[in-house]
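> Turn this into a model:
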Amino acid sequence: MRAKLGWLLLFTVACAAAAFVAPPIAQPLSYHAFADQREVLGIPRFFDVASNVAILAAGVLGLVVIGVRREAFASRAERWPYVVFFVGLVMTSLGSAYYHLAPDNARLVWDRLPITLTLAGLLLSQVGDRVSVRAANALLVLAIAIGALTVWYWHVTDNLMPYAIAQGYAAIATFALAIAFPSRYTRGSDLYWTFAWFVVAKLCETFDDAIFRILHVVSGHTLKHLAAAAAGFVVCAMLARRTVYWAQLRARR
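Numbering: from 1, shown residues only. This next block holds a predicted model:
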């Protein structure tokens with residue numbers, strides 16, 4: 001375990017250093033020109049706005065599962081990263097809907113801030129599950145603050161690099177934890193499906209216009225929102241169905 005944690009720490013330091021020394025990347029204004037500009041019921045970019053309801057549903061359902069299913073956690077302390085994850089989904093749905101009504105850099109801040117919350121919660125949920133509950137909760141506020149700072153830094157300097165590195169780090173570190181350390185719960189491999197849906201969401205975002213030109217009915221960005229919601233629902237299902245491997249439960253406190 002020490003060797004694996006050492007590699008993870010080295011990766012963390014490398015990403016932190018890269019955020020300071022990597023060449024700056026400006027936010028291209030073309031990012032705001034989404035493929036599906038259709039107006040429905042007086043709402044511009046209706047499908048990009050309305051698809052956030054799916055993300056909202058995943059966040060609310062997750063909070064309900066956390067509240068009612070006590071057997072999903074070996075201790076109450078383990079709930080907090082998941083609370084942050086699902087609250088992040090709820091806030092992402094609201095921030096994204098607000099942004100898509102009139103896309104610009106100022107509104108994009110309120111879309112990206114809760115995304116960092118979601119990623120921090122998911123990463124530290126796996127730290128708590130697979131390494132140490134105490135470490136996960138101790139790092140939770142710090143991770144949220146770092147994520148928020150990368151968004152603030154981009155907004156002030158128009159340098160997207162630290163935010164991009166933070167996003168990539170959270171995704172890769174979460175996946176690495178799942179591979180390197182066994183879960184203390186059943187359904188631990190469900191995390192791979194969550195990761196897969198996030199990859200689908202990123203691909204749909206990247207090929208927004210191409211998907212819309214092929215399908216004509218729905219754009220890539222709308223599908224991105226639905227894929228992100230699917231990732232959230234996978235975590236909901238995991239928590240609703242998992243139990244503790246009591247025979248393997250070790251004092252990771």
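> Quick check, pLDDT for residue 166.
We have a pLDDT of 95 for residue 166.
> hang on, it in a strand?
No - with DSSP: H, G, I helix; E, B strand; the rest coil as the criterion, residue 166 is assigned helix and is not in a strand.
> List the contacts of it.
By CB atoms under 8 Å, 6 or more residues apart in numbering, the residues touching residue 166 are 15, 19, 116, 119, 146, 147, 150. All C-beta spots, glycine's among them, are computed from the backbone N, C-alpha and C.
> which stretch of helix or strand covers the fifth one?
Read that as residue 146. The secondary structure element spanning residue 146 is helix 133-157 (assigned by DSSP states H and E).
> who does that helix touch, helix- and strand-wise?
helix 79-101, helix 105-130, helix 161-180 (3 or more CB pairs under 8 Å, 6 or more residues apart in numbering; DSSP states H and E).
> Mind listing what's buried along that helix?
Neighbour-count burial for helix 133-157, with 16 or more other CB atoms under 10 Å as criterion, is recorded at 133, 136-137, 139-140, 143-144, 146-148, 150-151, 153-155.
> just stretch 233-246 next, same as before
Buried residues in stretch 233-246, counted by 16+ other CB under 10 Å: 233, 234, 235, 236, 237, 238, 239, 240, 242, 244.
> Please tell me I have it right and the first one contacts residue 61.
So the one you mean is residue 233. Yes - in this structure, residue 233 sits in contact with residue 61. The criterion is CB atoms under 8 Å, and the distance is 7.3 Å.
> For residue 37, give me its contacts.
44, 45.
> swap the cut-off to 6 Å and go again
Contact analysis of residue 37 by CB atoms under 6 Å, 6 or more residues apart in numbering lists residue 45.
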